[in-house]
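>>> I'll drop the sequence and a predicted model, then ask my questions.
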Amino acid sequence: MNFKKYPIFLNLENKNILIVGGGNACLEKLKGLEFTGAKIHVIAINFSAEVKTFLAKYPNITTEERAVGEEDLNHRDIIFLGTSDSGINQKFRALAKEKGIWVNSVDDPKNCDFYSSSSVSIGPVQFAISTDGKFAGVSSTLRKLFEEIIPEEDHELMETLFEMRRNLKEILPNDKERRLVLKEIVQNLNSRYFHKH
C-alpha cells in the first residue's frame, strides 16, 4: 500500500537547522529558509560562488569549510543533506535517525524523512506544491505558472481582503450575520465574474 504524505507548514523560528553541502542544493535550501527565522549552520568542503554571494547578505548564518562529522548532528532540529553522494546521505540519515532528527536528502527520496515543496506566496496566503520527491522540476514549473497567473500587485489586495474580514468581526460580532455578509460578497463575485449563481 502506498501511503500519502501529510502536508504541513513548519514554524522554524529559532530552530537549529544544519545544511550539508555548498552547491546548488544548498542555495535552494537557503532561499527556502531565508525568511523563516531559523538558526542556520552550513558545513561544506567547498562553497559555490552563488552560495557565497547569498551568505554575504546574512552574516548570522554560520558556515564551516570542512567535511561534516557525526558530532555536527547534535542538537539539530532538522538536517538538509545537499551532497550528491547517496552513501553519505544514507550514513548521516541513519545517524540522525538514532538521535531522533528529521532529514531531507536533496534529490535522494529514499534517504528522506520529509520532502521539500515548491511554494507560492501571495501576501499572507501561501500554498505548496509537491511531487512526492519524484520530480522537483515539475513543482518548480507549476510554481512559476501560479506566480504568473497571480501577479505581485495582488499581494496588497489580498492583505486588504484579510483586513476587511478582521474589521467585519468588530462591526458584526454575530457569527451568523457575518457569514451571510461574506456569503453575499462571494456570491456577487461569482455571479459577476464567473457566471455562477
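Perfect, thanks for sending it.
>>> please count neighbours and contacts with C-alpha atoms only from this point.
OK.
>>> tell me which element the residue nearest the centre of the chain falls in.
Relative to the mean C-alpha position of the chain, the nearest C-alpha, by CA atoms, centre = their mean, is the one of residue 32, at 5.4 Å. Secondary-structure element containing residue 32, defined by DSSP states H and E: helix 24-33.
>>> which residues touch that helix?
Contacts with helix 24-33, where a contact means CA atoms under 8 Å, 6 or more residues apart in numbering, come from 19, 20, 48, 50, 51, 54, 80, 82, 83, 106.
>>> excluding chain neighbours, what is closest to the third one?
Read it as residue 48. The spatially closest residue to residue 48, leaving aside those adjacent along the chain, is residue 23, at 5.4 Å (CA to CA, 6 or more residues apart in numbering).
>>> following the helix holding residue 32, which helix or strand comes up?
strand 39-44.
>>> tell me the domain ranges of the protein?
What the TED database lists as the domains of the chain is 16-115, 117-149, 152-194.
>>> just the helices from the chain, written as ranges.
Under the criterion DSSP state H, helices of the chain are mapped to 24-33, 49-56, 86-98, 136-149, 154-171, 175-189.
>>> now do the buried residues in the last one.
With burial defined by 16 or more other CA atoms under 10 Å, the residues of helix 175-189 counted as buried are 178, 187.
>>> can you check the third one too?
For helix 86-98, burial by neighbour count (16+ other CA under 10 Å) applies to 86, 89, 90, 92, 93, 96.
>>> pLDDT and distance to residue 148 added to those residues, as JSON lines?
Converted to JSON lines, the buried residues of helix 86-98 look like this (pLDDT from 0 to 100; distance: CA to CA, whole Å):
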{"residue": "86", "pLDDT": "83", "distance to residue 148": "36"}
{"residue": "89", "pLDDT": "86", "distance to residue 148": "36"}
{"residue": "90", "pLDDT": "90", "distance to residue 148": "38"}
{"residue": "92", "pLDDT": "94", "distance to residue 148": "39"}
{"residue": "93", "pLDDT": "94", "distance to residue 148": "37"}
{"residue": "96", "pLDDT": "96", "distance to residue 148": "39"}
